[in-house]
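Asks: Build me a structure from this.
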Amino acid sequence: MIDVSSYNIDKTIGLLAVDSNAFEEQYIRVRKNEQRIYTNEEVALLPDISPNHIHYAEWKIRKRSCNRLINYLRKKNRPLNILEAGCGNGWLSSKMAEIDNTLVTGLDINITELKQACEIFNHKANLVFIYGDVHDKLTSGSFDTIVFAASIQYFPSIKEILDTAFSLLNTGGEIHILDTFFYKKNEVKNAIERTKNYYTALGHNDMADYYFHHTVDELKAFDYQILSPKNSIINKLSGKTTPFPWIRITGNK
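Replies: Down below sits the predicted model:
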């Protein structure tokens, strides 16, 4: 595990190239095809983006989920040590670092976007980016909050990743899952087929091996609550429908 903030960008490339893996290579190629590799100027403004951008509608959804999470964490009104697992280009970690009395760590195995996060956001004294994954030897009991935003679908086992996350939480800590689809059991087979077809059409069929279709049933071993149900009555009446639930997990059952 390497703290990217401790090195300039050239040194980072040399130090971390040996840790490059097949997932990262596939992921970046797909992101480029999907037009999800953003300029520094665009990343600095996220989740706000031009209405003309191809992914504008998606970022409207992510902005709402970001704002809900930020407001929730602010209301705790106490110092928070926060980990974002799978932080990508760092935009959400940066937003959470704007909360008073926080220390935020963004963690990812994607060096391409992590480098960009360092370039854009390293001026924030309470924000650090680390290259590695959540299974690396982060200090146990270090964090009050762990966030998985649009990332937990890349972990094959919900139980394994959440058990690992709980080992890193302080007593009374929370895990939050945002911006990820959760399926009913009878939906998984068709969802897997759609994913395979999607990546095949992009010319990256191997990427389907790294995308996992989790169900809410997989959370039954944990003490969880859906704070913002997808397409709830309130969301529908306000015109703010979302395909993603906001899930808070506070412990094992």
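Asks: And the helices in this protein?
Replies: In the chain, the helices defined using DSSP state H lie at 9-16, 22-33, 40-45, 56-74, 91-96, 111-121, 158-167, 188-202, 233-238.
Asks: Now do the same for the second one: mean pLDDT, whole number.
Replies: Helix 22-33 shows a mean pLDDT of 91 in the predicted model.
Asks: Same check on the fourth one?
Replies: This predicted structure assigns helix 56-74 an average pLDDT of 96.
Asks: helices or strands next to that helix in the packing?
Replies: helix 91-96, strand 143-149, strand 169-178, strand 222-228, strand 246-252 (3 or more C-beta pairs under 8 Å, 6 or more residues apart in numbering; DSSP states H and E). To be clear about C-beta, it is placed using only N, CA and C from the backbone, and glycine gets the same treatment.
Asks: what do you get for the fifth one?
Replies: Using 3+ C-beta pairs under 8 Å, 6+ apart as the contact criterion, the elements in contact with helix 91-96 are helix 56-74, strand 80-85, strand 102-108, helix 111-121, strand 127-131, strand 143-149.
Asks: about what we covered before: would you mind giving the helices and strands packed on helix 56-74 as a markdown table with mean neighbour count added?
Replies: Shown next, in a markdown table, are the helices and strands packed on helix 56-74 (neighbours: other C-beta atoms under 10 Å):
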| stretch | mean neighbour count |
| --- | --- |
| helix 91-96 | 24 |
| strand 143-149 | 24 |
| strand 169-178 | 19 |
| strand 222-228 | 15 |
| strand 246-252 | 17 |
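Asks: between the ones you listed, which one is nearest to Lys159?
Replies: Taking C-beta to C-beta as the criterion, strand 222-228 is the member of the helices and strands packed on helix 56-74 that comes nearest to Lys159, at 8.3 Å.
Asks: With distance to Lys159 as added columns, please give the helices and strands packed on helix 91-96 in TSV.
Replies: Listed next are those as TSV, based on distance: least, C-beta to C-beta, whole Å:
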stretch	distance to Lys159
helix 56-74	23
strand 80-85	15
strand 102-108	20
helix 111-121	27
strand 127-131	24
strand 143-149	14
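Asks: Looking at the ones you listed, spot the one closest to Thr200.
Replies: helix 56-74 (21.6 Å).
Asks: what's the angle from that closest one to strand 143-149?
Replies: Relative orientation of helix 56-74 and strand 143-149, computed by axes from the mean of the first three to the mean of the last three C-alpha atoms, to 10 degrees: 170 degrees.
Asks: So which residues make contact with helix 56-74?
Replies: By C-beta atoms under 8 Å, 6 or more residues apart in numbering, the list of residues contacting helix 56-74 from outside reads 46-50, 53, 80, 82, 92, 95-96, 98-100, 102, 145, 147, 149-150, 176, 178-179, 227-228, 240, 242-244, 246.
Asks: Which residues are in contact with Gly172?
Replies: Asp144, Thr250.
Asks: What distance do you get for it to Ile247?
Replies: The spacing between Gly172 and Ile247, counted by C-beta to C-beta, to the nearest Å, is 18 Å.
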